[in-house]
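J.: pasting the sequence and the predicted coordinates here, then a few questions.
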Amino acid sequence: MKIIAIGRNYAAHIEELNNERPSEPVIFLKPDTAVLRNNAPFYYPDFSNNIHFEVELLLKIGREGKYIEKGFAHKYYDEIGIGVDFTARDLQQKCKEKGLPWEIAKGFNGSAPISQFINKTNFDDLKNINFRLEVDGEEKQSGNSSLMLFDFDDIISYVSKFFTLKKGDIIFTGTPAGVGPVQIGNKLVAYIEGDKMLEIEIK
Ligand code: MG
């Protein structure tokens with residue numbers, strides 16, 4: 001499986017990092033070795049002093065496709081989850097300054113904790129999903145899928161032009177405002193609507 005992630009998909013987050021609002025989705029990849037499942041702990045890596053959390057809704061791809069038209073995009077994902085796109089902000093900043101790719105800042109081991117997935121039929125409206133992240137019991141980020149610049153179907157359609165989507169692939173759909181650093185000892189909890197979906201201890 002592969003992990004495809006969308007950057008700069010919420011206006012308020014673009015502003016907090018002083019990034020430009022994109023005219024097309026910003027895409028990057030994480031390797032499968034980035035995935036943490038079953039609430040596994042995150043081990044703070046020694047190559048960074050500024051690991052940030054970014055809570056994001058996830059799509060799980062249910063069937064193979066490429067060049068998917070937006071009108072058919074909904075047929076290609078059946079399940080929604082939540083994850084954290086851990087980012088070594090210090091390394092990312094250096095890469096951005098030099099115009100280099102971000103992979104080491106975004107795709108390192110353990111940088112993609114993911115929850116269990118919920119069938120999308122459990123949601124009344126995929127364009128109105130609330131989600132949030134607490135760190136040590138304090139809310140740090142909250143978002144709603146209605147605030148995405150590119151919605152789920154836009155993302156599927158755009159990404160599938162470049163990368164054939166395969167069953168089991170996961171898409172991180174971008175983070176809302178409020179990103180910030182983690183410290184060893186923090187406990188992160190992510191919710192979709194009122195349901196606790198994911199817990200991560202920073203070790
Ligand atoms: Mg992100």
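T.: Noted; the coordinates are in hand. Numbers count the residues shown, from 1 in each chain.
J.: identify the residue nearest the residue in the chain positioned nearest to the ion in space, chain neighbours excluded?
T.: Scanning the chain for proximity to the ion using Cβ to the ion identifies Asp85 as nearest, at 3.5 Å. C-beta coordinates here come from the backbone N, C-alpha and C atoms, glycine included. Spatial nearest neighbour of Asp85, excluding adjacent residues (Cβ to Cβ, 6 or more residues apart in numbering): Glu54 at 4.1 Å.
J.: residues contacting the one you found?
T.: By Cβ atoms under 8 Å, 6 or more residues apart in numbering, the contact list for Glu54 reads Val84, Asp85, Phe86, Thr87, Gln141, Thr175, Val179.
J.: contacting residues for the third one?
T.: Residues counted as contacts of Phe86 (Cβ under 8 Å, 6+ apart) are Phe42, Ile51, His52, Phe53, Glu54, Phe108, Gly110, Ser111, Ala112, Pro113, Val182.
J.: quick check, nearest of those residues to Asp195?
T.: Using Cβ to Cβ, Pro113 is the member of these that lies nearest Asp195, at 16.4 Å.
J.: tell me how many other residues surround that closest one.
T.: For Pro113, the tally of surrounding residues (other Cβ atoms under 10 Å) stands at 25.
J.: can you pull up the bridge partners for it?
T.: Applying DSSP bridges to Pro113 yields these beta-bridge partners: Leu36.
J.: contacts only, for it.
T.: For Pro113, the set of contacting residues under the criterion of Cβ under 8 Å, 6+ apart consists of Val35, Leu36, Arg37, Asn39, Ala40, Phe42, Gly83, Val84, Phe86, Leu198, Ile200.
J.: how about the residues of the chain by the ion?
T.: Taking Cβ under 5 Å from the ion as the contact definition, the chain meets the ion at Glu54, Asp85, Thr175.
J.: just the ones of those in strands?
T.: Per DSSP state E, strands hold no members of these.
J.: redo those residues as TSV? Include pLDDT.
T.: Formatted as TSV, the entries for those read as follows, by pLDDT from 0 to 100:
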residue	pLDDT
Glu54	98
Asp85	98
Thr175	96
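J.: redo those residues as TSV? Include distance to Ala11.
T.: Supplementary listing: those in TSV, determined by distance: Cβ to Cβ, whole Å:
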residue	distance to Ala11
Glu54	15
Asp85	18
Thr175	12
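J.: closest to Phe117 among those residues?
T.: Closest approach to Phe117 among the residues of the chain next to the ion (Cβ to Cβ): Asp85, at 16.6 Å.
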